[in-house]
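>>> Got a sequence here, can you model it:
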Amino acid sequence: MYEILLTSPAKCHAETLRQMYALRKKILFDKLKWDVQEYNVLEIDYFDALNPTYIIARQDNQ
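Predicted coordinates for the structure are as follows:
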């Protein structure tokens with residue numbers, strides 16, 4: 001079963017955000033070779049500073 005989160009950075013659990021930023025880095029920077037900002041193992045850009053709403057789907061046991 002999947003859990004769907006509709007959240008903002010201020011309301012989201014820190015580990016969930018870290019996992020999302022790490023997945024974005026793995027897909028956008030590593031796999032697709034896009035020219036995006038990469039910070040160690042995370043992909044975070046200036047849009048993240050604008051208090052966006054994230055839609056995160058994850059398996060309920062993760």
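
>>> and the gap between Ile44 and Gln59?
Computed as CB to CB, to the nearest Å, the Ile44 to Gln59 distance reads 24 Å. (Each C-beta comes from the backbone N, C-alpha and C, glycine too.)

>>> Look at those two and report which has more neighbours.
Between Ile44 and Gln59, Ile44 has the larger neighbour count (other CB atoms under 10 Å), namely 17 against 8.

>>> what's that one in contact with, if anything?
Shown in contact with Ile44 (CB atoms under 8 Å, 6 or more residues apart in numbering): 21, 37.

>>> which SS class is it?
The local conformation at Ile44, judged by DSSP: H, G, I helix; E, B strand; the rest coil, is coil.

>>> can you tell me which residues contact the residue most central in space within the chain?
The C-alpha lying nearest the average C-alpha coordinate of the chain belongs to Met20 (CA atoms, centre = their mean; 2.6 Å). By CB under 8 Å, 6+ apart, the residues touching Met20 are 54, 56.
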